[in-house]
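Student: How does the following fold in three dimensions:
(chains A and B)
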Amino acid sequence: MSGFLPVFSPKKVPLSACLILITLMTSGFEQSTVRVEPTDSVGPRVMEKQTETAVVQDYLGAWQSLTRAMQENKADGLDAYFVGVAKEKLADTIREQAKLGIQTRYQDQGHNLHFLFYSPEGLSIQLEDTVEYDVQIVDHDKVQGIQHVHSRYVAVLTPTEVRWKVRIFEEVPE
Amino acid sequence: MKLRYTLGLGLILVGLVQVAMTLDFPKRIQAGSAFSLPTSGNGKAVLYIAGPAQVLRRNVRLGENIGFSSGELHNAGHLVAILVGPSSSEQAQFDVVPAPQPATMSFLAKPSRLPVDLHDGISGVVYVFDIFRNLIVDPLQVSFQLSGVQGSVPSHVMQTHDGVAWVKLYSPSKAGAAQFQATVGNVTDARVIQLVPGDPCNLRMSARQSGQRIELQTDPVRDCSGNSVPDGTIVSFTETYDGDQATVDVPLKRGVARTDVPAHDGAVISVATGVVMGNEIRWGAGQR
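Tutor: You can find the predicted model right below:
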């Protein structure tokens, strides 16, 4: 999939007072829903609303850049949103894909974000994301199969000059 | 007629044998471990394994085992597998989970320099990884210890949650270089934290006549824990006389500050450093 539109409009849904539902329009695919659970209990550092908003936006931007980089087999597409071990591992996957002539197309369908940890000195934020997506494997332009995935990711983001970047990105068993 | 039925049945059976291709991955595989998968059916097939963590394509012969060598699947993550055979395909999903033994850690200790005796002044955060740099999300015990300036302070043992453990510590009361150490399993990492004296405490000066001037000198300037305040710290002496005020700023040398001011009967002399006020001296005939 080509990912999210760069600008999205948050839409409050009166489903629950403690949940924020944001609807993201994805280009060419159906809507992807993002749900952010309340951050009141995140610690040990208190998370300001601006920080939360920035982290959510940057994390979703990271998914967008990931899906695009995986589809186009361009590892440098990760640079803006990933850093450190996360970037190295994803870039290795993309390079391997390119070597094999494989592409993977991720069709993002929804994220449920839950902040787990905001470090005392403010230099790392950990969140979990229960994510749903379809992944399509394409070998030399021939679709070999598509699967629906429901899984839980743990991500650690650290602040950089311009945005929060994903430093650890790992799917963990639910 | 019979022959036609037999041939038809034979073709159906061959077809059944061809579609009876299976792909049976274990639900979880430890990162880096060697394993093999049995396959059924016959003919050639291509196995695809893909996820953000890793991608792999393997030509396989159905009916034989597919072997994965040690270290081949090393990045933790959720992977999808598709086995594409001559006439059908099979799908599976599985998790590669981190190896349980910690091999490295990311240890962030802050700040690198701080005053002594500060409540929750030092923080340490540890992320624990296996040998393949996968974050180990299963709980592990992390021991944090501060040592070096006052012997060893009892260690704080914390458990990781989703791969992270953290601690906040009181900064010791003795100035100097402390070693802040984190240990998980056989992995230890350390950071040096410089503990500097706090604000001066009980700032005190004395005065004596020297000709037409008054010589002023502080007692050795220390913080409330008894650490010497570093040389170069500015001490301000202020003389107030007849509505006029004169201030002399002097850096500490060898722990004390010295200066002299004009001797005026009735002058009031005070001393301060930073936000800390010291004693006050009213100069009079009796003090000569």
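Student: for the stretch 1-150 of chain B, what spans make up the helices?
Tutor: All helices of the stretch 1-150 of chain B, identified by DSSP state H, counting those that start in this stretch, fall at B:2-19.
Student: which intervals of it have sub-threshold pLDDT?
Tutor: B:1-20, B:150 (pLDDT under 70).
Student: Strands along that one, start to end?
Tutor: B:28-30, B:35-37, B:44-50, B:55-61, B:66-68, B:77-84, B:89-97, B:104-110, B:113-115, B:122-129, B:141-147 (DSSP state E, counting those that start in this stretch).
Student: What helices and strands are in contact with the longest one?
Tutor: If you count contacts as 3 or more C-beta pairs under 8 Å, 6 or more residues apart in numbering or on different chains; DSSP states H and E, strand B:89-97 packs onto strand A:142-159, strand A:164-172, strand B:28-30, strand B:77-84. Heads up, the C-betas are built off the backbone N, CA and C, glycines and all.
Student: at 10 Å instead, please
Tutor: strand A:142-159, strand A:164-172, strand B:28-30, strand B:44-50, strand B:77-84 (3 or more C-beta pairs under 10 Å, 6 or more residues apart in numbering or on different chains; DSSP states H and E).
Student: For B:Leu108, find the nearest of the ones you listed.
Tutor: strand A:142-159 (9.5 Å; C-beta to C-beta).
Student: between that closest one and strand B:122-129, how big is the angle?
Tutor: 160 degrees (axes from the mean of the first three to the mean of the last three C-alpha atoms, to 10 degrees).
Student: Flag every buried residue along strand A:142-159.
Tutor: In terms of neighbour count (16 or more other C-beta atoms under 10 Å in any protein chain shown), strand A:142-159 has its buried residues at A:144-145, A:147, A:149, A:151-159.
Student: Which positions are bridged to B:Val164 in the beta structure?
Tutor: Per DSSP bridges, the residues bridged to B:Val164 are B:Tyr127, B:His161.
Student: Quick one: mean pLDDT over the strand or helix carrying B:Leu195.
Tutor: When elements are assigned from DSSP states H and E, B:Leu195 belongs to strand B:187-196. Here strand B:187-196 scores 94 as its mean pLDDT.
Student: circling back to that earlier point, give me the subset of the buried residues of strand A:142-159 touching chain B.
Tutor: Near chain B, taking C-beta under 10 Å from any C-beta of the partner chain as the test, the members of the buried residues of strand A:142-159 found are A:144-145, A:147, A:149, A:151-156, A:158.
Student: that older thread, which elements pack onto whichever helix or strand comes after the strand holding B:Leu195?
Tutor: Counting by DSSP H and E, the next helix or strand C-terminal to strand B:187-196 is strand B:200-201. Judged by 3+ C-beta pairs under 10 Å, 6+ apart, strand B:200-201 is in contact with strand B:222-223, strand B:276-282.
Student: And those strands: which comes nearest chain A?
Tutor: strand B:222-223 (24.1 Å; C-beta to the nearest C-beta).
Student: Tell me the buried residues in the next helix or strand after that closest one?
Tutor: Going down the chain from strand B:222-223, the next helix or strand is strand B:234-241, by DSSP H and E. Across strand B:234-241, burial judged by 16+ other C-beta under 10 Å covers B:235-241.
Student: Adding distance to chain A and pLDDT, write the residues you listed out as a markdown table.
Tutor: As requested, the buried residues of strand B:234-241 are arranged in a markdown table below (distance: C-beta to the nearest C-beta, whole Å; pLDDT from 0 to 100):
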| residue | distance to chain A | pLDDT |
| --- | --- | --- |
| B:Val235 | 33 | 96 |
| B:Ser236 | 34 | 96 |
| B:Phe237 | 39 | 96 |
| B:Thr238 | 39 | 96 |
| B:Glu239 | 44 | 95 |
| B:Thr240 | 44 | 94 |
| B:Tyr241 | 49 | 91 |
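Student: Give me the below-cutoff pLDDT ranges for chain A.
Tutor: Confidence mapping of chain A against pLDDT under 70 gives the ranges A:1-31.
Student: repeat that with 50
Tutor: Low-confidence segments of chain A (pLDDT under 50): A:1-20, A:23, A:25-30.
Student: The most centrally placed residue in chain B: what's it in contact with?
Tutor: In chain B, the C-alpha nearest the mean C-alpha coordinate belongs to B:Leu108, at 2.0 Å (C-alpha atoms, centre = their mean). By C-beta atoms under 10 Å, 6 or more residues apart in numbering or on different chains, B:Leu108 lies in contact with A:119-121, A:123-124, A:158, B:123-127, B:166, B:182, B:191.
Student: what does A:Leu116 give?
Tutor: A:41-43, A:125-128, A:154-156, B:161-164.
Student: tell me which element it falls in.
Tutor: Using DSSP H and E, the element containing A:Leu116 is strand A:102-118.
Student: Following the longest helix along chain A in sequence, what is the next regular element?
Tutor: As assigned by DSSP state H, the longest helix anywhere in chain A is helix A:49-72. Using DSSP H and E, the helix or strand that follows helix A:49-72 in sequence is helix A:84-100.
Student: Sort out which residues of that next one are buried, please.
Tutor: Buried-residue list, helix A:84-100, by 16+ other C-beta under 10 Å: A:84-87, A:89-91, A:93-94, A:96-97, A:100.
Student: Next: stretch B:94-110.
Tutor: For stretch B:94-110, burial by neighbour count (16+ other C-beta under 10 Å) applies to B:94-99, B:102-110.
Student: just the CA coordinates of it, formatted as CSV?
Tutor: The C-alpha coordinates for stretch B:94-110 follow below in CSV (Å, rounded to 0.1, in the frame of the first residue of the first chain):
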residue,chain,number,x,y,z
PHE,B,94,4.4,-17.8,13.2
ASP,B,95,6.4,-15.8,15.7
VAL,B,96,10.1,-15.6,16.0
VAL,B,97,10.7,-14.8,19.7
PRO,B,98,13.8,-13.4,21.3
ALA,B,99,16.4,-15.7,22.8
PRO,B,100,15.8,-15.7,26.6
GLN,B,101,19.4,-14.9,27.5
PRO,B,102,20.3,-11.2,27.6
ALA,B,103,23.4,-10.4,25.6
THR,B,104,23.4,-6.6,25.4
MET,B,105,21.7,-3.7,27.0
SER,B,106,21.0,-0.1,26.3
PHE,B,107,21.7,1.7,29.6
LEU,B,108,20.9,5.4,29.9
ALA,B,109,22.0,7.1,33.1
LYS,B,110,21.1,10.7,33.7
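Student: How far away from the center of its chain is it?
Tutor: What separates the centre of stretch B:94-110 from the centre of its chain is 13 Å, taken as C-alpha atoms, centre = their mean, to the nearest Å.
Student: can you check stretch A:95-105 too?
Tutor: 20 Å.
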